[in-house]
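Chemist: Just a sequence and a predicted model for now, questions to come.
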Amino acid sequence: NPWDIWNSHSHGSGILSSHDYGITESINKSVNGEVICGFVHSCIGQDIIKNYTYCHGYESCIDASIMGDHLGPSNVQCYGADSCERTTLIGTRGVECNAKWSCREAVEIATQTTYGEVKCGGYESCLGLGHIISSIYTQCNGERSCQ
């Protein structure tokens, strides 16, 4: 479970400190086909080919390319502020942009052709991205998320 790793590194606070772990770090953890990017800049500029990627740290996946297998269950979670800025997100069943500015200036967001869903739940999380989102469903629940 990725949350067990998260909690063990955050000393129970739910917050990972860049002071404790350094400002940059390569991909933090890869467990059972899941990539966890929980630190500041932890997966910046990485090419990630996994079905489950968790970009939970501030600016954790900026300029990354994240690709799922285009077929099975898969998901990318952009839960850190600015976590998936300028990122390419393709081939997953779901993309969740649930933090402030989490997916702004994304290069491309293209989910699977069946069951694909993009959720923009953070403040201005998908602002100005209507022309680059390719998905069956798009939810815009965050304030100014899809304007």
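Modeler: Right, received. Where do you want to start? Numbering: from 1, shown residues only.
Chemist: so where do the helices sit in this protein?
Modeler: Ranges of helices within the chain are 2-9, 18-21, based on DSSP state H.
Chemist: hey, least reliable of those by pLDDT?
Modeler: Taking each of the helices of the chain in turn, the lowest mean pLDDT turns up on helix 18-21, with a mean of 40.
Chemist: And the strands in this protein?
Modeler: Using DSSP state E, the strands assigned to the chain run over residues 29-31, 34-37, 47-49, 52-55, 65-67, 75-78, 88-90, 94-97, 108-110, 117-120, 133-134, 137-140.
Chemist: And those: which comes nearest Cys146?
Modeler: Proximity of the strands of the chain to Cys146 was assessed by C-beta to C-beta; the nearest stretch is strand 137-140, lying at 3.6 Å. All C-beta spots, glycine's among them, are computed from the backbone N, C-alpha and C.
Chemist: So in that sheet, which strands flank that closest one, and in what orientation?
Modeler: Strand 137-140 pairs in its sheet with strand 117-120 (parallel), by DSSP bridges.
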